[in-house]
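S.K.: could you work out the structure for the sequence below:
(2 chains)
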Amino acid sequence: MSDAALGSILPLAVACPLLGAVICPIVGRKSGQLALAIAATSLIGSCVVLGLEAPKVFGGRTVIVHFMGHWTPVHGHALGIGWAADPFGLVFALAAAVIGVVLVVYTMSAMAALGRGELGGFACLFLILDAGLIGAALTADLFNLFVWFEVAAIASYALTAFYLDRPMALEAAFKILVLTTIASFAIFVGAGFLYQDHGALNFAQLHDSIAAHGLRTADVVALGLLLAGFATKAGLIPFHAWLPDAHTAAPAPVSAMFSGLMVNLGIVAIARLVLQVFPSQHGLPMLGLLMGAGLLSAVVGSALALGQDNLKRLLAFDTVAQMGVLAVGFATAEKSGVTGAAYHLANHVAFKSLLFLTAGAIIHTLGVENLSEMGNLARRKPFLFAAFLLGIASIAGVPPLNGYSSRNLIHEGLISTHQLWALALLAVAEILTFAALAKAAWLMFLHPRGQPYGDERPLAPGMTLSLLVLGVLCLAFGLVPATLSSRVMAPAASGLLHPSVYSHGVLRAAAVGLPPLHVHSSFVSLEGLLSTGITLLAGGFVASHVVRHGVPRPVEMLRGLHTGSVNDYAMYSVLGIVVGVAVLRLAWTG
Amino acid sequence: MILFNYFAAAALFCLGLYAVITRRNLIKIVLGLSLMESSTYLLMVSLAYRSGSTAPLLVNPPKGQTPSSLVHGNVADPVLQNFCLTAVIIGVAVTGVFLTVVVRIAQHYNSIDADDIRAMRG
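M.R.: Numbers count the residues shown, from 1 in each chain, chains lettered A, B, ... in the order given. Here you go, the predicted model:
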């Protein structure tokens, strides 16, 4: 297909799930399973559309652009609503569509007991959320990014409160509503300021305008607001307070969706802003700020995960840590680091969905949610044991699983930019992450349990199938690191690191070739194996210490800050915004 | 640029924020967020107005004419007004969801005090 034809089908990637979202509640009146089947079909439609774009975008390292109604740019001024499938956006859009299908299949089995209307409504909300994520990945302008952010957000509020009869779900829904609404104000005002100053919303045009005219205080404030807003969606500390609550309360497929995909929307937007929109040569300390926030989230998030008893809450705090790792990768603004971050983003989608669905399967079959109530499951549920171990090994970076290569690339990025203190902190975070998950695995599967379990429900075939698919994805992404990083992730990083080429492709409708990046990724690297080995040993030691002697004091103090009061959480969020903007403005030397 | 409006928007925003951070009544928190939202609308509409501005689409005026000679009087920027329209619609939807959740909370907990609704901590 020609570029124009590929461009014109791009909006279908979002239109398919939105259409499905309209049909599902109607069909849901007759049959809930049919509604879910339609949801899966419409997401497969998205996969097909995105799959058609993939060879051209990744193979030709190009950007497929489409302006709605053919309002093409004039003299470098974007007039219409732009779509742009660059390699980075397409990685996330494909992940959202493919994992969306897997999660719907899981839902068909796990939530089959629900009523027809409920399943229809669930399918509708799920599709709207996924459409928001795909739209956010493919949009080429800031305001539409805000709109897709809101589309995803409104669906996420309703999905958090899906079990309306559970008080916990309502509590979580109120918290996610307050924090995300504050974030949306920040994004809204930030976008307005940038438009006021540069007369542009298109990423490419904004980049060109900032490069040509320089920055003013209003732009710096706008960047601070935008970063804070998207950091809320990404769950970076101190904006993360909604995340553990929402994950604890929502159904398992929704937790997997939130953790695997929705939080990534924030990171994708942040990466675009700091790498693609704002050129780094204006003395703006945005990469330093992002690095700081990333390291804080990685260390504190993994430490908090260590102190949790609720399984899903533990995994949610682990998500905070993983988002921190991604932020660190993007903040290196160096080819290995950014390639690694893009790679890790795709890996995170696979292993975090796998872990959440395994947790959901355990809760579904046994009806217990807390680690202290579990134990001795290894013989009883060998399949789930294997799935959980696979997920942990992926996160810990055991070769040949997927986390190994992406982690090493991020490390390499930090080494080549001489940020060894950051590398040390990241290593601490990785050790704590593995410790938290190893503790969970020990308590769930191997720890002896006194009393027998109550009624057990069988593992439905849809759940087994989706766990298998995710496990295979974890393995497959890890088995071909060289191909994957050079063919897919390096072009994605190239689009982020060469913003002027990207902007040329978007605004001049030229079939640009993004410059190739040479990233070295292989199995046999002494540093990689050594770092994995250290992570496993030290993490295992920390885990056994915590199991025997309880949670250390500093972690308890951090937990004490999570008071559960929505006022406090709003306060943290606002303080985060103020500090972020102040740091950017005061340390700005332009 | 209407300076007074900026100050009014900032004052409204801070007032709303004060309510969100200090009030424990969930309805008052929702009201505070609505107030913050309205202040952003005021800010956007005020940003859209600049003295001496012309229509944004006049990139290539006909020969011998300037954009300002084609348009008489000030033109407020319709893009920022569009911002507001979109945000108003989103805001209505969000407030609807907000109040639904608060009603449900009131039914379940018999309270709308934020301090009673904090089972999930740590």
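
S.K.: for chain A, give me its nearest residue in chain B.
M.R.: Going by Cβ to the nearest Cβ, chain A is nearest to B:Arg118 of chain B, at 3.1 Å. Placement of C-beta: from N, CA and C, glycine included.

S.K.: what parts of the stretch 101-250 of chain A come near chain B?
M.R.: A:143, A:147, A:150, A:153-154, A:157-158, A:161, A:164, A:167-168, A:170-174, A:177-178, A:181-182, A:184-185, A:188-189, A:191-193, A:195-196, A:199, A:201, A:244-245, A:248-249 (Cβ under 8 Å from any Cβ of the partner chain).

S.K.: is it true that A:Ser372 touches A:Leu443?
M.R.: Yes: contact criterion Cβ atoms under 8 Å: A:Ser372 and A:Leu443 qualify, at 7.2 Å.

S.K.: how far away from the center of its chain is the longest helix seen in chain B?
M.R.: The residue-count maximum for a helix in chain B (DSSP state H) belongs to helix B:78-109. Relative to its chain's centre, helix B:78-109 lies at 11 Å (Cα atoms, centre = their mean, to the nearest Å).

S.K.: for it, packing partners?
M.R.: Here helix B:78-109 touches helix A:142-160, helix A:167-198, helix B:26-48, going by 3 or more Cβ pairs under 8 Å, 6 or more residues apart in numbering or on different chains; DSSP states H and E.

S.K.: let me see the mean pLDDT of stretch A:42-52.
M.R.: Across stretch A:42-52, the average pLDDT comes to 96.

S.K.: buried stuff in it?
M.R.: For stretch A:42-52, a neighbour-count test (16 or more other Cβ atoms under 10 Å in any protein chain shown) marks A:42-47, A:49-50, A:52 as buried.

S.K.: between the residues you listed, which sits nearest A:Leu423?
M.R.: Checking the buried residues of stretch A:42-52 against A:Leu423 by Cβ to Cβ gives A:Leu50 as the nearest, at 34.7 Å.

S.K.: OK, contacts around the closest one?
M.R.: Neighbouring residues of A:Leu50 by Cβ atoms under 8 Å, 6 or more residues apart in numbering or on different chains: A:13, A:85, A:90, A:93-94, A:97, A:134.

S.K.: need the residues you listed in a markdown table with secondary structure, can you?
M.R.: Listed next are those as a markdown table, based on DSSP: H, G, I helix; E, B strand; the rest coil:
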| residue | secondary structure |
| --- | --- |
| A:Ala13 | helix |
| A:Ala85 | strand |
| A:Leu90 | helix |
| A:Ala93 | helix |
| A:Leu94 | helix |
| A:Ala97 | helix |
| A:Ile134 | helix |
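
S.K.: report the two of those residues separated the most.
M.R.: Using Cβ to Cβ, the two most remote members of the contacts of A:Leu50 are A:Ala85 and A:Ala97, lying 12.5 Å apart.

S.K.: pLDDT below threshold where in chain B?
M.R.: Across chain B, the ranges flagged by pLDDT under 70 are B:1, B:52-59, B:67-68, B:71-73.

S.K.: for the residue of chain A found nearest chain B, helix, strand, or coil?
M.R.: The minimum distance from chain A to chain B, using Cβ to the nearest Cβ, falls at A:Gly564 (3.1 Å). Recorded secondary structure, A:Gly564: coil (three-state DSSP).

S.K.: so for A:Ser372 and A:Leu443, which sits in the more crowded spot?
M.R.: Remark: of A:Ser372 and A:Leu443, A:Leu443 carries more neighbours, 21 against 11, as counted by other Cβ atoms under 10 Å in any protein chain shown.

S.K.: give the contact list for residue 91.
M.R.: Looking at chain A here, since you left the chain open. Neighbour list for A:Val91: A:342, A:345-346, A:488-489, A:492 [criterion: Cβ under 8 Å, 6+ apart].

S.K.: looking at chain B here, not the other one
M.R.: B:34, B:37.

S.K.: switch to 6 Å and redo it
M.R.: Taking Cβ atoms under 6 Å, 6 or more residues apart in numbering or on different chains, we find B:Gly91 in contact with B:Glu37.

S.K.: okay, and which of the buried residues of stretch A:42-52 map to helices?
M.R.: Going by DSSP H, the helices hold A:42-47, A:49-50, A:52 from the buried residues of stretch A:42-52.

S.K.: farthest pair within the residues you listed?
M.R.: Most distant of those, by Cβ to Cβ, are A:Ser42 and A:Leu52, 16.1 Å apart.

S.K.: for the helix or strand hosting A:Ile362, buried residues please.
M.R.: Per DSSP states H and E, A:Ile362 falls inside helix A:335-366. By neighbour count on 16+ other Cβ under 10 Å, the buried set for helix A:335-366 is A:335-366.

S.K.: which of the three states applies to A:Ala113?
M.R.: At A:Ala113 the chain is in coil, as set by three-state DSSP.

S.K.: would you mind measuring from the closest residue to A:His348 other than its chain neighbours to A:Leu52?
M.R.: Excluding its sequence neighbours, the residue lying closest to A:His348 (Cβ to Cβ, 6 or more residues apart in numbering or on different chains) is A:Gln322, at 5.3 Å. Per Cβ to Cβ, to the nearest Å, A:Gln322 is found 30 Å from A:Leu52.

S.K.: not counting its own residues, what contacts stretch A:397-411?
M.R.: Counting by Cβ under 6 Å, 6+ apart, A:329, A:336-337, A:339-340, A:343-344, A:347, A:393-395, A:474, A:477-479, A:481, A:521, A:523, A:528, A:532 sit against stretch A:397-411.

S.K.: show me what the mean pLDDT comes to for that stretch.
M.R.: Here the average pLDDT along stretch A:397-411 is 90.

S.K.: for that stretch, output the C-alpha coordinates as CSV.
M.R.: Output in CSV follows, covering the C-alpha atoms of stretch A:397-411 (Å, rounded to 0.1, in the frame of the first residue of the first chain):
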residue,chain,number,x,y,z
GLY,A,397,16.3,-10.1,34.0
VAL,A,398,17.0,-13.8,33.9
PRO,A,399,18.2,-14.7,30.4
PRO,A,400,16.7,-15.7,28.0
LEU,A,401,13.6,-13.9,29.2
ASN,A,402,12.6,-10.5,27.9
GLY,A,403,13.6,-8.3,30.9
TYR,A,404,17.3,-9.2,30.5
SER,A,405,18.1,-7.4,27.3
SER,A,406,16.0,-4.3,28.0
ARG,A,407,17.5,-3.9,31.4
ASN,A,408,21.0,-4.2,30.1
LEU,A,409,20.4,-1.6,27.4
ILE,A,410,19.2,0.9,30.1
HIS,A,411,22.3,0.1,32.2
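
S.K.: chain center to it, what's the gap?
M.R.: 17 Å.

S.K.: repeat that for stretch A:503-515.
M.R.: Remark: stretch A:503-515 is offset 27 Å from the chain centroid, using Cα atoms, centre = their mean.

S.K.: ends of it, how far apart?
M.R.: 13 Å (Cα to Cα, to the nearest Å).
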